[in-house]
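Student: task: produce atomic coordinates for the following.
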Amino acid sequence: MSAVSMGDTVRFHYTTKLENGAELDSSRSGDPMQVTLGEGRIIAGLETALVGMAAGDAKTVTIRAEDAYGPHHAEFVRVVDRSMIPANIELEVGKVLQAGASDAEQIDLTITEVAEGTVTLDANHPLAGKDLVFDLEMVEIL
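Tutor: Numbers count the residues shown, from 1 in each chain. As a prediction, the model looks like this:
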């Protein structure tokens, strides 16, 4: 039976959890995820975890933040005056706003605090700084 190598296209099921067991995402209720390893479509730590698996293999791995969505950067958090956000936008913690960057890409900004006259916005990925636990099942190597 062959083992997965970088460059292989694979189909696998996954369940992603935080270290406290809270489930974030799963492919179990639908089709397996299909990716070609090395294309950068999934986090680096997940690609590494899939290498060496064979069809039918299952395992659980913990992927450190550095190999997932990276560390949480304090410099990506800003407190802005409420007037900087259009008045028609309802402000609530957890809501994601989009802003245009200088290179015409959109940046997601998560509201983390709403105070009198100010709003705290976080441009970090919501999973930045978090270790992730993946339950993996290799379905097939294409």
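
Student: where does pLDDT dip in this protein?
Tutor: The model of the chain has pLDDT under 70 over residues 101-104.

Student: how's it carved up into domains?
Tutor: For the chain, automatic domain parsing gives the domain ranges 9-70+127-141, 74-122.

Student: can you list these in TSV and add mean neighbour count and distance to residue 3?
Tutor: For every residue, glycine as well, the C-beta is placed using N, CA and C. Putting the domains of the chain into TSV (neighbours: other Cβ atoms under 10 Å; distance: least, Cβ to Cβ, whole Å) gives the following:
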stretch	mean neighbour count	distance to residue 3
domain 9-70+127-141	15	5
domain 74-122	12	37
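
Student: let's have these in CSV, adding distance to residue 1.
Tutor: Output for the domains of the chain, formatted as CSV (distance: least, Cβ to Cβ, whole Å):
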stretch, distance to residue 1
domain 9-70+127-141, 5
domain 74-122, 41
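
Student: enumerate every residue touching the closest residue to residue 26 other than its chain neighbours.
Tutor: Among residues not flanking residue 26 along the chain, residue 15 sits closest, at 4.2 Å (Cβ to Cβ, 6 or more residues apart in numbering). Taking Cβ atoms under 8 Å, 6 or more residues apart in numbering, we find residue 15 in contact with 23, 25, 26, 27, 28, 134, 135.

Student: which of these fall within strands?
Tutor: 23, 25, 26, 134, 135 (DSSP state E).

Student: let me see the ranges of the strands in this structure.
Tutor: Under DSSP E, the chain gives strands at 9-18, 23-26, 33-36, 58-63, 77-81, 96-100, 106-115, 118-122, 132-141.
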